[in-house]
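A.B. asks: okay, sequence plus prediction incoming.
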Amino acid sequence: MRTLIKHLLASTEPREAVTAKGWVRTRRDSKGFSFLEINDGSCLANLQVVVDAGTPGADQLAHLNTGASVAVEGPLVASPAAGQKWELRARRVELVGATDSSYPLQKKGHTAEFLRTIAHLRPRSNLYGAVFRVRSRLAYAVHQFFQERDFVYVHTPIITASDCEGAGEMFRVTTLKGNIDEKPEADFFGKRTYLTVSGQLEGETFACALSNIYTFGPTFRAENSNTARHAAEFWMIEPEMAFCDLQGDMDLGEEFIKAMARHALEHCAEDLALFGKFVDKALHERLRFVVERPFVRVPYTEAIEILRQSGRKFEYPVDYGLNLQSEHERFLTEEHFKAPVTVYNYPREIKPFYMRLNDDGKTVTAMDVLVPGIGEVIGGAQREERLEQLLDNMKFHKLAPEDYWWYVDLRRYGTVPHAGFGLGFERLLMFLTGVSNIRDVIPFARTPGNAEF
RNA sequence: UCCAGAGUAGCUCAAUGGUAGAGCAGCCGGCUGUUAACCGGCGGGUUACAGGUUCGAGCCCUGUCUCUGGAGCCA
């Protein structure tokens, strides 16, 4: 019966006979015996195995190179040397699967660029093993957060005919051959369909029935974006709350990010320590800061004033009615406030039709949460719940109401104030791990020109 | 897509326009407790690709491809 290495290393007393299985990280030979470092991915640390010459299976030692898979059994004993608490004294060793000299992973450091070219092997490295354990744990934490607050998990469609008002370029889904725009009504679904860029509109329909809902699933953007923060396929979390306004929306977003940071600190300590040491020395300080301090909230108009009076030369102009550029967002969160910042009440012109128009007639109830190092991590809004105003917004943004008939219906039948936001799971992971490239927090990154694995 | 930089051994990197090298990895050997073990030895190259300049190009020029950083779009 195999025991995971994380459980072996957490032992409180020696054990008479255990079996460990995993992959060899390194082997150190001495005359008469060898040390094997074995990792099975259950935790960051390796299990040290001592194999004496003459141990059954020790004749295979020469093949137990870095990368080989192995099964060992024997007693778990306190290690007499510094460096590890426990070690396994092998009574039997079995080479499960050998490697050869072409195995690309070494025990020395590799660059992230090289490891991306071997995405099928990189989870066997310390850093990527840690990243993907944290990813799994945080996915669990996302569900826990919402389920504990009585949010209902809704599976919004992956294939969709609505485009969520230009949230981005879309991937076409079709079974047609040749010119796919010639007769879209002959296509599989009888109309043009795409991979979803957001589940928000569908999510709103469920919030207007089940009160508080969230989605958590893959979304797709066909943008030709070549940055460390964009992927063509990424996972998005989109809560939506009925009978909720912008204040409640900002409260939830802030609470959510704090909860994720707290969860990572409490449940991923060993992996976070690795990130703190090799990836981002300021990680722990930043996470504790996020957990302990309230976020700064500032209206868009005020943010513009702060930027104007900063005396800072920006590459892009700062003016009311213009979008905040990356450099502006970074200044606000990293330099001016030195804290996560929620900017709200943006000009109507630069935000989508579904956001609620404020009484000033000029701004809408949008909010963006900006965090140091990443920039925008949350984008949300209170939605326009008034039928006439929604139709007016659509006219303002030159959209046809009949294309959104089911969305408009929500305002026709028992409309309620409601609000929600979207949060990119990978960007959250970047923030929580300090890893600076989105390609390194998703198992197999989809970026322009890259779908090898 | 735009701007900048970079492509040399499996990996990380050297090499004034003049015989392509080191460390690590691999293989062989040594070492009685190692910790990215250590010590000795061996093999390993179409210098991203295609042209051009030159007596001579890894190095200079042109084009292409890929990657990285930044920007735009956004999450």
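C.D. replies: Done, it's in. It should be emphasised that the depicted structure is a prediction, and the values quoted were computed from it without experimental measurement.
A.B. asks: hey, let's count contacts and neighbours off CA atoms from now on
C.D. replies: Will do.
A.B. asks: who's in contact with A:R348?
C.D. replies: A:L357, A:K362, A:T363, A:V364 (CA atoms under 8 Å, 6 or more residues apart in numbering).
A.B. asks: buried subset of those?
C.D. replies: A:L357, A:T363, A:V364 (16 or more other CA atoms under 10 Å).
A.B. asks: so which of the contacts of A:R348 belong to helices?
C.D. replies: Secondary structure from DSSP state H places none of these in helices.
A.B. asks: do the strand or helix carrying A:A207 and RNA strand B meet?
C.D. replies: Under the criterion of DSSP states H and E, A:A207 resides in helix A:200-210. No. Counting by CA under 7 Å from any atom of the strand, RNA strand B is not contacted by helix A:200-210; separation bottoms out at 9.7 Å.
A.B. asks: got the angle for the helix or strand following that helix vs helix A:200-210?
C.D. replies: Reading on from helix A:200-210 to the C-terminus, the next helix or strand found by DSSP H and E is strand A:212-220. Angle of strand A:212-220 versus helix A:200-210, following axes from the mean of the first three to the mean of the last three CA atoms, to 10 degrees, is 160 degrees.
A.B. asks: only the buried residues of strand A:212-220, if you could.
C.D. replies: A:N212, A:I213, A:Y214, A:T215, A:F216, A:G217, A:P218, A:T219, A:F220.
A.B. asks: residues making contact with that strand?
C.D. replies: Contacts for strand A:212-220 (CA under 8 Å, 6+ apart): A:146, A:150-156, A:158, A:170-171, A:195-199, A:203, A:206-207, A:232-242.
A.B. asks: what do you get for stretch A:430-450?
C.D. replies: Contact with stretch A:430-450 is made by A:112, A:116, A:119, A:128, A:131-132, A:135, A:224-226, A:228-234, A:261, A:264, A:272, A:275-276, A:279-280, A:283, A:287, A:371, A:373-374, A:426-427, A:429, A:451, A:453, as judged by CA under 8 Å, 6+ apart.
A.B. asks: make it 6 Å
C.D. replies: For stretch A:430-450, the external contacting residues (CA atoms under 6 Å, 6 or more residues apart in numbering) are A:A228, A:R229, A:A231, A:A232, A:E233, A:D280.
A.B. asks: same thing with stretch A:182-189?
C.D. replies: So stretch A:182-189 is contacted by A:L176, A:K191, A:R192 (CA under 6 Å, 6+ apart).
A.B. asks: one more time with 7 Å
C.D. replies: Applying CA atoms under 7 Å, 6 or more residues apart in numbering, the contact partners of stretch A:182-189 are A:T174, A:T175, A:L176, A:G190, A:K191, A:R192.
A.B. asks: and for stretch A:15-26?
C.D. replies: A:1-5, A:36-40, A:64-77, A:107.
A.B. asks: off-centre distance for it?
C.D. replies: Mean-position distance between stretch A:15-26 and its chain equals 32 Å (CA atoms, centre = their mean, to the nearest Å).
A.B. asks: restricting to C-alpha, output that stretch in CSV.
C.D. replies: Output of stretch A:15-26 as CSV, limited to C-alpha atoms (Å, rounded to 0.1, in the frame of the first residue of the first chain):
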residue,chain,number,x,y,z
ARG,A,15,7.2,3.5,10.9
GLU,A,16,8.1,-0.1,10.5
ALA,A,17,7.2,-0.6,6.8
VAL,A,18,6.0,1.9,4.2
THR,A,19,6.0,2.1,0.5
ALA,A,20,6.7,5.3,-1.5
LYS,A,21,6.4,5.7,-5.2
GLY,A,22,7.5,8.6,-7.3
TRP,A,23,10.1,10.1,-9.6
VAL,A,24,13.8,10.4,-8.9
ARG,A,25,15.0,14.0,-8.5
THR,A,26,18.6,13.1,-7.9
